[in-house]
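1. Give me coordinates for this.
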Amino acid sequence: MSKNYSILDLIRRNRTPLENHLIDGLVDGRVSRRDFVRHGSLLGLSLPLLGRIGMAAGLGGMPSLARAQGAPGATIRVASSVPAATIDPVTIADAGGLLIMQQVAEFLCVDGPDLVLQPALAESWKPNDNGTVWTFKLRKGVKFHSGGEMKADDVVASIDRLADPANSSNALSVFTGILQKGASKKVDDYTVEFHLDAPNGNFPYMLSSDNYNAVIIPASYKGDYEKSFDGTGPFRIEKYTAKVGASFVRNEDYWGPKALPERTEFTFFTDMQPQILALQGGQVDIINQMPVLAGVALLNDPNIDIISLKSSAHQQLHMRCDEGPLKDARVRRAIALCLDRDKLAAGLMKGRSALGNDSPFAAVYPSTDTSVPQRKQDIAQAKQLMEAAGLGQGFKITLTTERYLEIPEYAQLIQNWVKEIGVQLDLNILDQSGYYGDAVFGKSNWLDSVMGITDYGHRGVPNVYLAAPLKSEGTWNAAHFKNKDYDALATSYIAALDLEAQKADAGKIQKLLLEETPVIFGYFYDYLTATAKGVAGVQPTAMSQLFLDKASKA
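-> Residues are numbered from 1 along each chain as shown. As a prediction, this is how the structure comes out:
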């Protein structure tokens with residue numbers, strides 16, 4: 001036996017069967033390095049250990065997530081959207097408010113730009129044999145800005161607040177059916193167990209920055225967060241003025257390396273064009289999120305750098321499966337076959353997106369079955385499907401959607417493409433409040449429309465996409481899609497702890513959704529952050545978060 005394999009045997013000794021199965025997959029080539037890093041981090045294997053395993057397997061070191069450090073002491077200025085509501089960890093849902101909260105409050109773990117989970121307030125996490133109980137070990141010596149050490153009581157209280165239906169928590173879309181109030185248990189001051197409703201192989205993502213409300217704040221929190229902005233993060237609040245902006249200063253008592261910037265300033269804008277002008281004019285250093293179409297002038301500006309992250313963010317085109325001509329899956333497939341996805345990627349998205357294949361499984365996910373053929377535009381086949389469904393002469397229908405990002409232009413492209421098969425598509429484009437309404441069935445143009453396009457932000461794992469909009473009883477099932485086979489496959493995927501098992505279920509789900517096509521996933525767009533030349537160390541995530549602790553200016 002080689003020396004390398006002796007090292008691997010030593011590493012295997014204290015590993016669980018699941019972890020050893022993953023290590024074996026790396027050695028024999030069934031698991032790629034990329035997938036090994038991402039799935040290994042999910043199971044709680046530390047990045048240094050992942051590197052040792054990679055070296056022992058003769059594959060070289062694992063990729064480093066560290067960034068070169070610049071000069072300390074700068075003031076970093078950020079352009080951001082206006083927080084849409086009072087900033088409260090339990091209820092906040094908009095990108096502007098979440099960005100401000102995240103500057104001071106931290107997560108148990110962080111979903112990095114490569115979807116690798118990195119330790120933060122938790123040092124490690126482990127599932128039991130079937131993934132129904134996950135145990136998190138907390139970092140010691142972490143202090144809240146208000147004083148006092150963060151311990152298990154604070155973690156339990158923070159997550160219970162989010163899992164309590166009485167609090168109208170924005171995180172209920174993640175925790176419902178997964179984790180109930182009272183199911184987070186303190187083992188000791190630095191250990192918490194989470195007892196789940198059902199097996200869940202991706203649960204650590206539910207407690208990471210992927211679930212943007214899941215920040216840890218003191219157990220004593222009673223509300224009115226804007227008065228304290230308490231947290232454990234590398235920056236403390238200096239000043240917050242609603243609708244105007246916020247500023248932060250370096251936290252000298254931070255548990256980790258001290259932040260490089262001395263201050264950060266956030267200016268709120270109601271529109272994208274003033275943000276672009278402010279960046280070009282030198283009034284700000286960063287635009288947190290820049291949509292492709294609105295920011296096209298910056299893509300080739302020599303004074304601007306673009307940070308581009310591959311993401312799972314997308315615009316879902318749902319079609320009601322329970323009434324009218326769209327009740328026939330052949331008609332839904334015909335509409336999907338009208339889309340020219342290559343033109344969407346190259347034209348509408350300016351090359352800043354990946355093709356969608358009418359399931360939530362984006363290319364960024366390690367569990368995606370890449371052997372499933374990509375759906376392409378095929379007007380002849382679409383016409384045959386329409387004839388077979390008895391609708392060769394076409395029909396008239398309304399597509400209702402929101403005025404947000406590139407969605408109106410996307411709707412117009414679909415309108416033109418489906419003319420080829422005789423479908424007359426009327427567009428009903430509303431502002432966001434009019435489109436979402438009360439976001440419940442019977443009181444929402446989104447959930448009640450026969451056909452609609454809805455924006456879905458990035459997620460580090462596909463669990464939410466698989467459940468809320470596609471399961472029979474999903475809270476966001478605008479397609480009114482009810483399929484027992486799909487429900488069983490989605491449940492099986494969510495429960496799987498093993499990457500190979502996830503891939504096997506993913507392939508079946510991808511093929512079923514191509515056949516049924518309740519929702520069209522045309523593309524998954526890149527998340528873009530714009531910075532002025534000379535600004536370095538900025539780390540956005542596709543969830544609209546912005547980590548500035550390593551930021552510097554030349």
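
2. Please make it C-alpha for all contacts and neighbour counts, starting now.
-> Fine.

3. count of neighbours near residue 296?
-> Other residues lying near residue 296 total 13 when counted by other CA atoms under 10 Å.

4. Next, the contact list for it, please.
-> When contacts are counted by CA atoms under 8 Å, 6 or more residues apart in numbering, residue 296 touches no other residue.

5. for the helix or strand harbouring residue 493, the distance to its chain's centre please.
-> Counting by DSSP states H and E, the element that carries residue 493 is helix 484-495. Taking the mean of its C-alpha atoms, helix 484-495 sits 20 Å from the chain's own mean (CA atoms, centre = their mean, to the nearest Å).

6. Output the below-cut-off pLDDT ranges for this protein.
-> 1-69 (pLDDT under 70).

7. tell me the domain boundaries of it?
-> Split into domains by automatic domain parsing, the chain comes to 3-56, 105-226, 236-310+527-553, 314-525.

8. Let me know the secondary structure of the closest residue to residue 378 other than its chain neighbours.
-> Of all residues not flanking residue 378 in the chain, residue 337 sits nearest, at 5.4 Å (CA to CA, 6 or more residues apart in numbering). Under the three-state scheme (DSSP: H, G, I helix; E, B strand; the rest coil), residue 337 adopts helix.

9. What is the burial count for residue 337?
-> If we define neighbours as other CA under 10 Å, then residue 337 has 23 of them.

10. Likewise for residue 464?
-> Other residues close to residue 464 by other CA under 10 Å number 19.

11. is it true that it touches residue 174?
-> Yes. Using CA atoms under 8 Å, residue 464 is in contact with residue 174, at 6.6 Å.

12. Return the distance of stretch 444-451 from the chain's centre.
-> Counting by CA atoms, centre = their mean, stretch 444-451 is centred 23 Å from the centre of its parent chain.

13. got the end-to-end distance for it?
-> Length of stretch 444-451, first residue to last, CA to CA, to the nearest Å: 13 Å.

14. Check stretch 220-236 too.
-> In stretch 220-236, first residue to last residue: 19 Å (CA to CA).

15. likewise stretch 270-287?
-> For stretch 270-287, the first-to-last residue distance is 13 Å (CA to CA).

16. could you measure the residue nearest to residue 378 against residue 419, distance?
-> Residue 337 is 12 Å from residue 419, by CA to CA.

17. Need phi/psi at the closest residue to residue 175 other than its chain neighbours.
-> Leaving aside its sequence neighbours, residue 175 sits nearest to residue 163 (CA to CA, 6+ apart; 6.1 Å). The phi and psi values for residue 163, taken as degrees, to the nearest 10, are phi -90, psi 0.

18. Can you verify my assumption that residue 163 contacts residue 177?
-> No. The pair residue 163 and residue 177 does not pass the contact test of CA under 8 Å, sitting 10.0 Å apart.

19. Touching both of those two, which residues are there?
-> Counting by CA under 8 Å, 6+ apart, nothing touches both residue 163 and residue 177.

20. between these two, who's got more neighbours?
-> When residue 163 and residue 177 are compared for neighbours, residue 163 comes out ahead with 27 against 11, by other CA under 10 Å.

21. so who does residue 270 touch?
-> Applying CA under 8 Å, 6+ apart, the residues near residue 270 are 81-82.

22. where's it relative to residue 84, distance?
-> Taking CA to CA, one finds residue 270 at 10 Å from residue 84.

23. swap in residue 479?
-> Residue 479 is 28 Å from residue 84, by CA to CA.

24. Residue 383 now?
-> Counting by CA to CA, the gap between residue 383 and residue 84 amounts to 45 Å.

25. more crowded one of the two?
-> Neighbours around residue 383 and residue 84, counted as other CA under 10 Å, are more numerous at residue 383. The numbers are 23 against 15.

26. Secondary structure class of that one, three-state.
-> When classified by three-state DSSP, residue 383 comes out as helix.

27. Am I right that it is in contact with residue 392?
-> Yes. Residue 383 is in contact with residue 392 according to CA under 8 Å; the separation is 6.9 Å.

28. tell me, what's touching the two both at once?
-> Common contacts of residue 383 and residue 392 (CA under 8 Å, 6+ apart): residue 421.

29. Which of the helices or strands spans residue 156?
-> Per DSSP H and E: helix 152-163 holds residue 156.

30. Now the element after that helix, going C-ward?
-> Heading C-terminal from helix 152-163, the first helix or strand you meet, by DSSP H and E, is helix 172-175.

31. could you say what helices and strands that next one packs with?
-> For helix 172-175, the packing partners by 3 or more CA pairs under 8 Å, 6 or more residues apart in numbering; DSSP states H and E come out as helix 152-163.

32. Tell me how many other residues crowd residue 442.
-> By other CA under 10 Å, 12 other residues sit near residue 442.

33. With the one 3 residues further on instead?
-> Neighbour count for residue 445, taken as other CA under 10 Å: 24.

34. Hmm, residue 434 and it touching each other?
-> Yes. Assessed by CA under 8 Å, residue 445 is found in contact with residue 434 at 7.3 Å.

35. Could you measure from the spatially most central residue of the chain over to residue 205?
-> What sits nearest the mean C-alpha location of the chain, by CA atoms, centre = their mean, is residue 459, with 1.9 Å. From residue 459 across to residue 205, the span is 9 Å (CA to CA).

36. thinking residue 144 is in contact with residue 229, fair?
-> No. Under the criterion of CA under 8 Å, residue 144 makes no contact with residue 229, lying 10.3 Å away.

37. Quick check: end-to-end length of stretch 254-272?
-> Start-to-end, stretch 254-272 (CA to CA) is 34 Å.

38. do stretch 383-394 as well
-> Stretch 383-394 has an end-to-end distance of 9 Å (CA to CA).
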